[in-house]
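Below is the structure, and that's it, no one-letter string:
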Ligand code: ZN
């Protein structure tokens, strides 16, 4: 039995939701190993089901395997979308049905970036404005091994960047605007604004590249 199979067996011995490891755990800073079917079909299916339960109960819109202590390149995603239409429109955030990403990778399409508040289930208690590529090309495969090659825009692109970064040992705080950092105990003042423009004004940070419009950011050079 491989080390991964043993770790998954240990996880599966307990019902999901499983504990989500927090920043400071080395697994969150390691590059996840490529997944090439090392788990049997049953264990893989049970792992995915447990990750889905863990993500939903958290609740979150994505969960990468390192967040449950597994250094393997698997992530799950599901976003019911925001409760109000204005936020959905401004953030380009349609509902995303549950899906599995195996060995995902992304690259930017165009050079436009968008900045919004973002949080992480492994950095509990904090949120910060993070600039992300507005549009990315996502590649990898799904849970059946079928190839994924698609272009995503807006929040679905943001989720994919966040989760894929986890598999490379990166956290959103590595690239977030730290002056925007907001504790959950205060974050409601900002994070429910459709855009972070008001937070930028009051907390004193520039939305990179476009301090006047805030939402759309052009990067060049
Ligand atoms: Zn995260």
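Good, I have the coordinates. Remember, predicted model here, so these are calculated numbers, not experimental data.

Only C-alpha atoms from now on, for both contacts and neighbour counts.
Will do.

what about residue 132, which helix or strand?
According to DSSP states H and E, residue 132 maps onto strand 126-133.

same for that strand, what does it pack against?
strand 112-119, helix 155-167, strand 177-183 (3 or more C-alpha pairs under 8 Å, 6 or more residues apart in numbering; DSSP states H and E).

which residues are in contact with the longest strand seen in the chain?
Longest strand in the chain, counting residues (DSSP state E): strand 96-108. The contact list for strand 96-108 (C-alpha atoms under 8 Å, 6 or more residues apart in numbering) reads 34-35, 48, 73-81, 133-143, 145, 156, 160-161, 164.

ranges for the strands of the protein?
Remark: strands assigned in the chain by DSSP E are 62-64, 74-79, 96-108, 112-119, 126-133, 135-141, 147-153, 177-183, 216-218.

model confidence over the third one, on average?
When the per-residue pLDDT values of strand 96-108 are averaged, the result is 98.

can you state the direction angle for that strand and helix 155-167?
70 degrees (axes from the mean of the first three to the mean of the last three C-alpha atoms, to 10 degrees).

Now do the buried residues in strand 96-108.
Of all the residues in strand 96-108, those buried under the rule 16 or more other C-alpha atoms under 10 Å are 100, 101, 102, 103, 104, 105, 106, 108.

Likewise for stretch 49-60?
Judged by neighbour count using 16+ other C-alpha under 10 Å, the buried positions of stretch 49-60 are 50, 51, 52, 53, 54, 55, 56, 58, 60.

As a markdown table, those with distance to residue 197 would be great.
Output for these, formatted as a markdown table (distance: C-alpha to C-alpha, whole Å):
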| residue | distance to residue 197 |
| --- | --- |
| 50 | 37 |
| 51 | 34 |
| 52 | 33 |
| 53 | 34 |
| 54 | 32 |
| 55 | 29 |
| 56 | 29 |
| 58 | 28 |
| 60 | 24 |
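
All set, thanks.
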